[in-house]
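J.: here is a sequence with its predicted model. Questions after.
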Amino acid sequence: MRVLLDENVPHDLKATLVGHDVVTVQGLGWSGTLNGELLKRASGTIEAFVTLDRKLEHQHDISALPFGVVILRARSSKMQDLVPLVQGILDALASLQPGQVTQVGA
């Protein structure tokens, strides 16, 4: 699965998502792009978007997107808080459907 990590997710998470083709917002040169435009740009290029932005699903119509969204619920964006979520992320990606939002974490 082709996965896009939002710019608020550390690049180090990329290496933990084994079995997926993971790219980053920064790697695509899209840093600073507002969420609406970012979601448009990502359409047709990814199958999943991983973010720490808990407001995203309330600000945009995710159901209309051709990819799914995984929202990470962690204490911080530090790897020490995200590593415990890796298996949950992998499980979410395995069943994620276009237009679906899945939350991982507490």
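T.: Done, it's in.
J.: CA only for contacts and neighbour counts going forward, please
T.: OK.
J.: burial count for residue 84?
T.: 12 (other Cα atoms under 10 Å).
J.: and the gap between it and residue 106?
T.: Look at residue 84 and residue 106: by Cα to Cα, to the nearest Å, they are 11 Å apart.
J.: run through the strands of this structure in chain order.
T.: Counting by DSSP state E, the chain has strands at residues 2-5, 21-24, 48-51, 68-73, 101-105.
J.: can I get those in TSV including distance to residue 37 and mean pLDDT?
T.: What follows is the strands of the chain, written out as TSV (distance: least, Cα to Cα, whole Å; pLDDT from 0 to 100):
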stretch	distance to residue 37	mean pLDDT
strand 2-5	14	98
strand 21-24	15	97
strand 48-51	14	98
strand 68-73	15	98
strand 101-105	18	97
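J.: how about those in JSON lines, adding distance to residue 42 and mean neighbour count?
T.: Formatted as JSON lines, the strands of the chain follow (distance: least, Cα to Cα, whole Å; neighbours: other Cα atoms under 10 Å):
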{"stretch": "strand 2-5", "distance to residue 42": "8", "mean neighbour count": "21"}
{"stretch": "strand 21-24", "distance to residue 42": "11", "mean neighbour count": "18"}
{"stretch": "strand 48-51", "distance to residue 42": "8", "mean neighbour count": "24"}
{"stretch": "strand 68-73", "distance to residue 42": "11", "mean neighbour count": "23"}
{"stretch": "strand 101-105", "distance to residue 42": "16", "mean neighbour count": "18"}
